[in-house]
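In: Fold the stuff below for me.
(4 chains)
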There are 4 protein chains.
Amino acid sequence: MKEYILLIDTTDAKGLVYNVSKILFANNLNIEQNAEYVDEETKKFFMRSVISGDLNKEILLKELKEVLPAESTIKLTTKEKKDIVLLATKESHVLGDLLIRYIDGELNANIKAVIANHDYLQDLVEKFDIPFHCISAEDMSREEHEELVINIINEYSPELIVLAKYMRILTPKFVQAYPQKVLNIHHSFLPAFIGANPYKQAHHRGVKIIGATAHYVTDDLDEGPIIAQDVVRVDHTYSWQDMRRAGRNVEKVVLSNALQLMLEDRVFVYGNKTVIL
Amino acid sequence: MKEYILLIDTTDAKGLVYNVSKILFANNLNIEQNAEYVDEETKKFFMRSVISGDLNKEILLKELKEVLPAESTIKLTTKEKKDIVLLATKESHVLGDLLIRYIDGELNANIKAVIANHDYLQDLVEKFDIPFHCISAEDMSREEHEELVINIINEYSPELIVLAKYMRILTPKFVQAYPQKVLNIHHSFLPAFIGANPYKQAHHRGVKIIGATAHYVTDDLDEGPIIAQDVVRVDHTYSWQDMRRAGRNVEKVVLSNALQLMLEDRVFVYGNKTVIL
Amino acid sequence: MKEYILLIDTTDAKGLVYNVSKILFANNLNIEQNAEYVDEETKKFFMRSVISGDLNKEILLKELKEVLPAESTIKLTTKEKKDIVLLATKESHVLGDLLIRYIDGELNANIKAVIANHDYLQDLVEKFDIPFHCISAEDMSREEHEELVINIINEYSPELIVLAKYMRILTPKFVQAYPQKVLNIHHSFLPAFIGANPYKQAHHRGVKIIGATAHYVTDDLDEGPIIAQDVVRVDHTYSWQDMRRAGRNVEKVVLSNALQLMLEDRVFVYGNKTVIL
Amino acid sequence: MKEYILLIDTTDAKGLVYNVSKILFANNLNIEQNAEYVDEETKKFFMRSVISGDLNKEILLKELKEVLPAESTIKLTTKEKKDIVLLATKESHVLGDLLIRYIDGELNANIKAVIANHDYLQDLVEKFDIPFHCISAEDMSREEHEELVINIINEYSPELIVLAKYMRILTPKFVQAYPQKVLNIHHSFLPAFIGANPYKQAHHRGVKIIGATAHYVTDDLDEGPIIAQDVVRVDHTYSWQDMRRAGRNVEKVVLSNALQLMLEDRVFVYGNKTVIL
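Out: Numbering: from 1, shown residues only, chains lettered A, B, ... in the order given. Below you'll find the model as predicted:
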């Protein structure tokens, strides 16, 4: 039987679980997995249900809207692969890791294209028969460059855009074009070491642990809602390049974990934080 | 409003969430937090709901029994502190950690007594005005010793018995007297290094990571359902005593985390595994 | 045979290891363990040798001075317990953890006294027969209060001062009174969340990992050389109080690990960083 | 100036450091980095020095032999890339990870060839212009198959053989052909879950943490000296396939870390354990 994912983001109210499950039951749908979370502070209610059965999407959404508070966000998706576009610059570790997973069939996504502002990664990407677009940023303004990139992205209409160590700073225009659709991996354990050269910053501070953070991109650099983080131990023997090498292992795993959560529709955003069900 | 914890352990069936939430709604009870899990392999369904409102325990349980499969386990508890008894031997790190938390008010339990087979820990325990019972195991059989210990335990009718580095091996009789009520901390990362001297075993094997495991005690030594585990890195410079010192930090934190989960009624057992909601 | 710890902090030069080991050999001293580190960037050389045999401290230091660069720091200590004084405020988890280790004989130190700016912890400390000094900071300036605290500390002439969740901000005067002798545990993973209420800050940022950092106190709040750090995972279900409870486990273990390193004379400081041999 | 790595594995004796550094000094060689370790239990002494200058390998080794105990192992290598051969079966995650690092120039090795007992990975390997040899094991004995594999390996005379999820069990003949030259990644946190299907075993045991272990291959399956290990948290929601997916991230990072240590000549073996300097 076909499976669907029902996502509800609303304000907590009495009888929510009852009302939602009643509708699912009445429509002869089975709940395969269910997860809810109520944030006591904000009174937000989040629910992710994996349901199965025959359903009429319009009817179900209509019935749910009727029992849920006015401003609720209700989504119904399937487990089909999502189209995604990757952006990159020069480093290959995150991109390469995604490509290896991709051809192995592990990634529940279709990588429609890779867009990069250098051509370093062209050979690598083309080995995997994926369209590669090199859009250099030289001799043009940030806005002009972004316009070109956005045009290419939109040819593919991706559901998600993954910044795989894409080092260009995005303008608010880009962010607004794809709200909550842009995933970035920052090579530090946020909120420490935001901005450039976090490994050099970390080395300078003499930390004994470094990390990486996957987050949604917002208008504020490195400030967006955090989806996943992880760390690795370092010590005084590590030059900043050694820290970078160790950190890269964390970057690619964290980015991949965050992407997987997004592909499985497990990530809710409210305020500047995420709830992961 | 008073809060209750509803725990359901049953077989998955269509409409479970609907039927349960319907009864809660009909009884004017609000779901503060809800967590469910369906194990696809075994079709087991687990649910933990924090509910609030005025409820009649007998009526609610009766109504729930009617809509749930025959062999379901349904429990309704409050958030009141549970009475617990600690068993110890000579080592103070786990016991001492619990005592410090206790007088700080962090432990949602009443430590009714400490029972030990040596008197080493008497001074420490009595500093905290907790009854200390020294029951030596010398010059008697294992069964005789256990009988004495069980008699003391039963004076306090605890909900949980915590083996805080209690080094005596328990007989099946003890285990059966307190099914799913005995929490142990084993000083290894199970299933590695079961039995005696796991730090020596770990040192001998030359592992680079050691750990500790909190689990329910069953008839099979160190084989019971695992509740929590954690690890710490070691290296070639560690003697087995160094491993033990590093490991002790893990033991006390893991034991405390597992105990907290149990005190919050978050741990379900099925087969030889746990589901933690 | 008696063991000594030889510590050398100097500028790297050809033949350093040769010259130092030659002197040790000539004095019939055996090297039990040896560790060196050369920082390529700064050309600093650090060495920690555990040596055994009969030695004349003055002669050995004199001979070593002759072969080492002019500005070298050379120390020779034994493995004897160091006298330490603990400072605390209200929280018991770090202090209590040290006290439990202390009476167990694990701490290679003599806890001479506990000084606190509240009397909350008096009962706890006095259970362990350790002098407790309550120096309230009310109705006086920071400097006045510190003067009183310094006077008490100096009665004990400690080698190290451990801030066991001592929440008063220290003035430069205090720091200069005990250069590289004051160990603090900050309840965040520095450099993230410096200052007050790091758990609230962490909760607000929506991080998925929190941590604690043990560091030397310097004039700049939470900016001193880092000695040890560790982390623990959290998620959206954690209130800031839940983060604090999880974080406290990290705080006490990290502080204890850092203290142990200092008691074993393993920590060198240069610039604002540490080298740990 | 050219750098060399001097490796000494011997029995501890008075004056070892002095005698060795004296010879280096006398030969006008500078010690760039030095690390020693004395195992108190076995009295073994290990030393790894990075030295620079003009040296005559034969003369230096001869001089060192004269001052070291009879059965010492003394090696002098350079930092040149080592030739390695990879063995694989069907899974691509470890192999792919190495290939990505390889073309990025991160691996200080020459991957001479990949040998696999299936052709699944042929396309992937040939994208990277590396010779791929498919040697099927069907319709022949284990010994016959190994003979063919050994013959291919020997064409390349590799310094190290990396089993990148190569699932064939090696005979003692293979192991003896390449003593301390065969690196394997086992998909469990040894010594837990040795043998086949460790993820299924882990799932069955209900552990809350899984891991991977990189080790030297010996005659005893999964029993060889451990070089590196790491773990990742799992919970009751993980099927064994979910555990495998999470575990694969650990496998590739651990294997890569272990390989890097071996390529940097940092790994000593004694008994069934490793010392890593």
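In: Nearest residue to the closest residue to chain C within the stretch 51-200 of chain A in space, please, no chain neighbours.
Out: Per C-beta to the nearest C-beta, residue A:192 is where the stretch 51-200 of chain A lies closest to chain C, at 4.3 Å. The way it works is simple: take the backbone N, C-alpha and C, and place the C-beta from them, glycine included. Among residues not flanking residue A:192 along the chain, residue C:192 sits closest, at 4.3 Å (C-beta to C-beta, 6 or more residues apart in numbering or on different chains).
In: contacting residues for the one you found?
Out: Applying C-beta atoms under 8 Å, 6 or more residues apart in numbering or on different chains to residue C:192 gives the contacts A:189, A:190, A:191, A:192, C:198, C:201, C:202, C:207.
In: Check what pLDDT it gets.
Out: Residue C:192 carries a pLDDT score of 95 in this model.
In: again, but for residue A:56
Out: pLDDT at residue A:56 comes out at 95.
In: can you tell me how far the residue nearest to the spatial centre of chain A sits from residue B:41?
Out: For chain A, residue A:183 is the residue whose C-alpha lies nearest the centre (C-alpha atoms, centre = their mean; 3.9 Å). Note on residue A:183: its distance to residue B:41, by C-beta to C-beta, to the nearest Å, is 32 Å.
In: After the helix or strand hosting residue A:24, which helix or strand is next?
Out: Using DSSP states H and E, residue A:24 sits in helix A:16-26. On the C-terminal side of helix A:16-26, the nearest following helix or strand under DSSP H and E is strand A:30-39.
In: centre of the chain versus that following strand, how much separation?
Out: How far strand A:30-39 lies from its chain's middle: 21 Å, per C-alpha atoms, centre = their mean, to the nearest Å.
In: Ok, stretch A:222-236 next?
Out: Worked out by C-alpha atoms, centre = their mean, stretch A:222-236 lies 15 Å from the chain centre.
In: Check which residues of that stretch are buried.
Out: By 16 or more other C-beta atoms under 10 Å in any protein chain shown, the buried positions in stretch A:222-236 come out as A:222-232, A:234, A:236.
In: Close to chain C: what parts of the stretch 101-250 of chain A are there?
Out: Proximity of the stretch 101-250 of chain A to chain C (C-beta under 8 Å from any C-beta of the partner chain) is limited to residues A:189-193, A:205-209, A:211, A:225-231, A:235-237, A:239.
In: need the helices for the stretch 101-250 of chain A, in chain order.
Out: Assigned helices in the stretch 101-250 of chain A, in chain order: A:122-127, A:142-156, A:172-177, A:198-205, A:240-263 (criterion: DSSP state H, counting those that start in this stretch).
In: Tell me which of those is the most buried.
Out: Comparing those by mean neighbour count (mean count of other C-beta atoms under 10 Å in any protein chain shown), helix A:240-263 ranks first with a mean of 22.
In: So which elements touch that helix?
Out: helix A:93-103, strand A:160-163, strand A:182-186, helix A:198-205, strand A:209-216, strand A:226-233, helix D:240-263 (3 or more C-beta pairs under 8 Å, 6 or more residues apart in numbering or on different chains; DSSP states H and E).
In: Around chain D, which positions in chain A sit nearby?
Out: A:92-93, A:96-97, A:99-101, A:103-104, A:106, A:124, A:127-128, A:245, A:249, A:253, A:256-257.
In: from the contacts of residue C:192, which is closest to chain B?
Out: residue A:189 (17.9 Å).
In: With adjacent residues omitted, what lies nearest to the closest one?
Out: Excluding its sequence neighbours, the residue lying closest to residue A:189 (C-beta to C-beta, 6+ apart) is residue A:211, at 3.0 Å.
In: now do residue A:6
Out: residue A:49 (4.5 Å).
In: what residues does chain A put near chain B?
Out: So chain A meets chain B at A:14-18, A:21-22, A:24-25, A:30-38, A:40, A:233 (C-beta under 8 Å from any C-beta).
In: Could you give me the PyMOL selection string for whichever of those residues are buried?
Out: Command for PyMOL that selects the buried part of these, burial taken from 16+ other C-beta under 10 Å:
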select buried, chain A and resi 15+16+17+18+21+22+24+25+30+31+32+33+34+35+36+37+38
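In: Would you mind measuring from residue A:8 to chain B?
Out: 13 Å (C-beta to the nearest C-beta, to the nearest Å).
In: what kind of secondary structure is that residue in?
Out: strand (DSSP: H, G, I helix; E, B strand; the rest coil).
In: Near it, how many other residues are there?
Out: By the criterion of other C-beta atoms under 10 Å in any protein chain shown, residue A:8 has 20 neighbours.
In: show me the contacts for it.
Out: Counting by C-beta under 8 Å, 6+ apart, the residues that residue A:8 touches are A:20, A:45, A:46, A:47, A:48, A:64, A:68, A:72, A:73, A:74.
In: cool, and residue A:60?
Out: With contact taken as C-beta under 8 Å, 6+ apart, residue A:60 is in contact with A:23, A:27, A:29, A:76.
In: can you pick the most crowded of those?
Out: Highest neighbour count within the contacts of residue A:60: residue A:29, with 22 neighbours (other C-beta under 10 Å).
In: Tell me if I'm right that the residue nearest to residue A:189 and residue A:226 touch.
Out: No. Residue A:211 is beyond contact range of residue A:226, at 11.1 Å (criterion: C-beta atoms under 8 Å).
In: does residue A:276 really touch residue A:269, like I thought?
Out: No. Judged on C-beta under 8 Å, residue A:276 makes no contact with residue A:269 at a distance of 10.2 Å.
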